[in-house]
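S.K.: kindly return the folded structure for what I paste below:
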Amino acid sequence: MGLTFIAVFSWFSVMILCVLPRKLPLIINSVLYLLIEFILINKLSLITYKYKLLAMSPDISKFIGVILHRDIIFPFLLLFAANVLFTSVNMRNVILAIICSVVYISFTSYMLHRFSMLIYLDWQFAYDVVIVVIMHLIVFIFAFVLQRQINKRAASA
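M.R.: Next comes the predicted model:
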């Protein structure tokens, strides 16, 4: 049940990014995806193995659910929020997209816990929400820097 839930939400996350009418350039999205993955893999490793705040279920289907969340849901929704922030002209849409992204990621993180894919040892759901917000800020800052660098190179060429 849990893997099916996460798989459907993963598919939905990819579709949200694919149907955006305006997107950042592919190079920016690619570099942002790599940055997000680097941070998320290290975050999960540190929290799970070094500090032992979380435990992953030994069941293979539950482990695949955690990997789908880490590699698809989380990064694609961060990319969605960054794309809307930097390509939308309507501030209401930007705020709505960021709020929906934070709520969606937080909800799927909570469902990982409810389906016993991630077991909270010395961890709380509020920490997940804080990490989601911090990740949004990191992605927005790096997207801004990358977009600025690309615009500088385009202007000088």
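S.K.: mind listing the strands for the protein?
M.R.: With strands called from DSSP state E, the chain shows them at 54-56, 118-120.
S.K.: average pLDDT across the first one?
M.R.: Throughout strand 54-56, pLDDT has a mean value of 94.
S.K.: cool, stretch 85-104 as well?
M.R.: Confidence over stretch 85-104 (mean pLDDT, whole number) is 96.
S.K.: which helix in the chain has the most residues?
M.R.: Ranked by residue count, the top helix of the chain under DSSP state H comes out as helix 125-156.
S.K.: would you mark the buried spots in stretch 49-68?
M.R.: Of all the residues in stretch 49-68, those buried under the rule 16 or more other CB atoms under 10 Å are 54, 56-57, 62, 65-66, 68. No exception for glycine: its C-beta is placed from N, CA and C like everyone else's.
S.K.: among these, which lie within helices?
M.R.: Taking DSSP H as the definition of helices, the buried residues of stretch 49-68 contribute 62, 65-66, 68.
S.K.: can you redo the residues you listed as CSV with distance to Thr108 and pLDDT?
M.R.: Below are these laid out as CSV (distance: CB to CB, whole Å; pLDDT from 0 to 100):
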residue, distance to Thr108, pLDDT
Lys62, 14, 96
Gly65, 10, 97
Val66, 11, 97
Leu68, 9, 97
